[in-house]
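In: Sequence first, predicted coordinates after that:
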Amino acid sequence: MATNLADLRVGLLLNDASFRSNITDAMNHAGRETERFSRKAKQNAKDVFR
């Protein structure tokens with residue numbers, strides 16, 4: 001029983017680390033895409049009002 005609990009704990013810790021890594025990657029990607037969108041929107045606004 002203790003071995004099963006230890007295995008479960010290790011599995012949960014690995015899953016948690018993977019989840020946190022995926023969330024961090026997703027947030028970084030979202031930040032980059034937000035910056036990209038902002039740059040394009042500013043450029044489009046400049047082009048419209050020329």
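Out: Here it is on my side, so go on. Numbers count the residues shown, from 1 in each chain.

In: where does Phe49 fall, phi/psi-wise?
Out: Main-chain dihedrals, Phe49, degrees, to the nearest 10: phi -100, psi 20.

In: Check the burial of it by counting its neighbours.
Out: The local packing count at Phe49 equals 6, with neighbours defined by other C-beta atoms under 10 Å. From N, CA and C alone the C-beta is placed, and that goes for glycine too.

In: Thr34 versus that one, what's the distance?
Out: Per C-beta to C-beta, to the nearest Å, Phe49 is found 23 Å from Thr34.

In: Count the residues that sit near Ser18.
Out: Ser18 has 10 neighbours, counted by other C-beta under 10 Å.

In: any idea how far Met27 is from it?
Out: Between Ser18 and Met27 the computed distance is 15 Å (C-beta to C-beta).

In: how much space between the residue nearest the centre of the chain and Arg9?
Out: The chain has Ala26 as the residue nearest its centroid, 1.6 Å off, counting by C-alpha atoms, centre = their mean. As judged by C-beta to C-beta, Ala26 and Arg9 stand 26 Å apart.
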